[in-house]
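Enquirer: Got a predicted structure here, sequence first:
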Amino acid sequence: MPVRFIHTADWQLAKPFANMPPLLAGELAAARLSVIARIAAIAHAEGAAHVLVAGDVFDSDLIESVTIRRALEQLRQETAVTWVLLPGNHDPARAGGLWERIGRLGVPDNVVLLADQKPFALSPDATILPAPLTSKNPGRDPTAWMDHAETPPGVLRIGLAHGSVHGFGSEGESSVPLARDRAAKAGLAYLALGDWHGAKEIDARTWYSGTPEPDRFKDNDAGNVLSVSIDGTAPPHVKKIASAHFNWLHIGRAVRSIADVRSIDSQVAALSDAASRVLVDLKFTGALTLSEYAELETWKHLFEGRVRHLELDQSALALAATREDLESLDRVAGADGAQNGVLTAAATYLASIAQDPSHPQKEAAGLALRRLFAFAAEEREAGA
């Protein structure tokens, strides 16, 4: 009979998101806590009674007791699931640390903490070999003991660890090196890893699950859990399942016209998630005319209202001021209807600086030109 379980990691509960607006930071933190229920629902749908969390359950060991209690209560409520937790580099099993506090608060009956390097019988058919971290950087490969760990004959050996395999970067504050071929060396049917925040296959028996709820703008396939099924000596069947509430979308867009900007609307609309649950990091390159810059500002305000959060970098977006753009400034009639070319002359001078890549005042001139054009547009609308 196949052994089934859910592999997840890097929950980092109570992550502060200090770089985000306070209201959004609260929503992001709440989504990290509510992911527990979403993972439990996935486990039920997949017929998995166990969820293996490969480290960094909490963001740090300096967390308020009430936050810990809320997390424990969320785990306790999902009675159909046994949660198998491994300390990582954010929440190491150090003396006097977080996990000792949790022990005093009371561990739910459906929660197993693997804080020691000793085999744990997951079921009659499978044994977990855990590699808990006792510090942020232990200075050694914590999975090395698995090579010689004794398990009952015929039982599947499943490794659970947190760190970075050789040749693959770490997402944590410190790098905990792991042997890339540990699964083969230790005779593991599967090695469940945490630390890298995206889903990643190292080999057929070694996987990173990534964080189930993304926490940054990075194209690394975050926001999933892995459903794992192992039948005898055959390679495990690993299925990636989306688990995120928020979608963090990084978009780099080269634009030649305002139509290229507006195409982002359809890109966001094509997501399965509601736009109100999408955070967008948007960087523009290319060039727009002055009139299109004005349209960009209008688009930006509308787009910000559609998505949950927008970070926009248009510093690499050049001005392509056309003669028509510049001359249109003096079509803004004064009280006497005079058109004396003063605004066009000023704008032409600013444009010459803004379009010079080597000029030290390039950015300031571009900003002044855009503001001048925006002011003229407002005056034109007021006089219409």
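Expert: Right, received. Where do you want to start?
Enquirer: Who is Gly159 paired with across the strands?
Expert: Taking DSSP bridges as the rule, Gly159 bridges to Leu129, Leu191.
Enquirer: separation between it and Val53?
Expert: The span separating Gly159 from Val53 equals 14 Å under the rule C-beta to C-beta, to the nearest Å. For the C-beta atoms, the positions are set from N, CA and C on the backbone; glycine is no exception.
Enquirer: Identify the residue nearest Ala347 in space, chain neighbours excluded?
Expert: Nearest residue to Ala347 in three dimensions, chain neighbours excluded: Leu326, at 4.8 Å (C-beta to C-beta, 6 or more residues apart in numbering).
Enquirer: list the contacts for the one you found?
Expert: Leu290, Thr344, Ala347, Thr348, Ala351 (C-beta atoms under 8 Å, 6 or more residues apart in numbering).
Enquirer: Now the third one: phi and psi?
Expert: Going back to what we said before, that points to Ala347. Taking degrees, to the nearest 10, you get phi -70, psi -40 for the backbone angles of Ala347.
Enquirer: Burial check on it, number of neighbours?
Expert: Residue neighbour count, defined by other C-beta atoms under 10 Å, stands at 24 for Ala347.
Enquirer: Give me the below-cutoff pLDDT ranges for the stretch 201-350 of the chain.
Expert: Low-confidence segments of the stretch 201-350 of the chain (pLDDT under 70): 272-273, 325, 327, 329-340.
Enquirer: what about 50?
Expert: 333, 335-338 (pLDDT under 50).
Enquirer: Would you state the strands of it in chain order?
Expert: Shown for the stretch 201-350 of the chain, the strands assigned by DSSP state E, counting those that start in this stretch span residues 206-208, 224-230, 237-242, 247-255, 278-288, 309-319.
Enquirer: Columns mean neighbour count and distance to Ala37 on top of these, output as CSV?
Expert: As requested, these are exported to CSV (neighbours: other C-beta atoms under 10 Å; distance: least, C-beta to C-beta, whole Å):
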stretch, mean neighbour count, distance to Ala37
strand 206-208, 25, 23
strand 224-230, 23, 13
strand 237-242, 15, 14
strand 247-255, 16, 18
strand 278-288, 19, 21
strand 309-319, 15, 23
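Enquirer: Dump those to CSV, plus distance to Ser60.
Expert: Shown next, in CSV, are the strands of the stretch 201-350 of the chain (distance: least, C-beta to C-beta, whole Å):
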stretch, distance to Ser60
strand 206-208, 21
strand 224-230, 23
strand 237-242, 27
strand 247-255, 21
strand 278-288, 23
strand 309-319, 24
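Enquirer: Any chance you could list what contacts the lengthiest helix in the chain?
Expert: Using DSSP state H to assign secondary structure, the helix with the most residues in the chain is helix 22-46. Contact with helix 22-46 is made by 4, 6, 8, 11-18, 20, 49-51, 70-71, 74-75, 77-78, 80-81, 212-213, 215, 225, 227, 239, 241, 243-246, 308-309, as judged by C-beta under 8 Å, 6+ apart.
Enquirer: Please list only the buried members of those residues.
Expert: 4, 6, 8, 11-15, 17, 20, 49-51, 71, 74-75, 78, 81, 212-213, 215, 225, 227, 241, 243-246, 308-309 (16 or more other C-beta atoms under 10 Å).
Enquirer: thinking again about what came up before, so for the longest helix of the chain, what gets flagged as buried?
Expert: Across helix 22-46, burial judged by 16+ other C-beta under 10 Å covers 27-29, 31-33, 35-36, 38-40, 42-43, 46.
Enquirer: now Trp207, nearest residue through space, not along the chain?
Expert: Spatial nearest neighbour of Trp207, chain neighbours left out: Glu201 (5.5 Å); criterion: C-beta to C-beta, 6+ apart.
Enquirer: swap in Ser135?
Expert: If the residues on either side of it in the chain are set aside, Ser135 comes closest to Pro92, at 5.2 Å by C-beta to C-beta, 6+ apart.
Enquirer: burial of the one you found, as a residue count?
Expert: The burial count assigned to Pro92 is 23, neighbours taken as other C-beta under 10 Å.
Enquirer: check contacts around it.
Expert: Counting by C-beta under 8 Å, 6+ apart, Pro92 makes contact with Asp61, Pro132, Leu133, Thr134, Ser135, Lys136.
Enquirer: For this protein, just list every one of the helices.
Expert: 22-46, 65-77, 98-105, 182-185, 258-269, 290-306, 323-328, 342-354, 362-383.
Enquirer: can you put those in TSV and add distance to Ser276?
Expert: Listed next are the helices of the chain as TSV, based on distance: least, C-beta to C-beta, whole Å:
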stretch	distance to Ser276
helix 22-46	11
helix 65-77	24
helix 98-105	34
helix 182-185	41
helix 258-269	11
helix 290-306	8
helix 323-328	35
helix 342-354	36
helix 362-383	29
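Enquirer: Relative to Val112, which of those is closest?
Expert: helix 65-77 (10.6 Å; C-beta to C-beta).
Enquirer: From the contact counts, what lies against that closest one?
Expert: Counting contacts by 3 or more C-beta pairs under 8 Å, 6 or more residues apart in numbering; DSSP states H and E, helix 65-77 is packed against helix 22-46, helix 98-105, strand 111-113.
Enquirer: weakest of these by average pLDDT?
Expert: If the helices and strands packed on helix 65-77 are sorted by mean pLDDT, helix 98-105 sits at the bottom with a mean of 93.
Enquirer: what's in contact with that one?
Expert: Everything outside helix 98-105 that qualifies as a contact, by C-beta under 8 Å, 6+ apart, is 58, 60-61, 63, 65, 68-69, 72, 87, 91, 93, 113, 115.
Enquirer: rerun at 7 Å
Expert: Phe58, Asp61, Ile63, Ser65, Ile68, Arg69, Leu72, Pro87, Asp91, Ala93, Leu113, Ala115 (C-beta atoms under 7 Å, 6 or more residues apart in numbering).
Enquirer: who touches the residue lying closest to the last one once chain neighbours are set aside in this structure?
Expert: Beyond its immediate neighbours in the sequence, the residue positioned closest to Ala115 (C-beta to C-beta, 6+ apart) is Ala93, lying 4.1 Å away. Going by C-beta under 7 Å, 6+ apart, Ala93 touches Pro87, Trp99, Ala115, Pro132, Leu133, Thr134.
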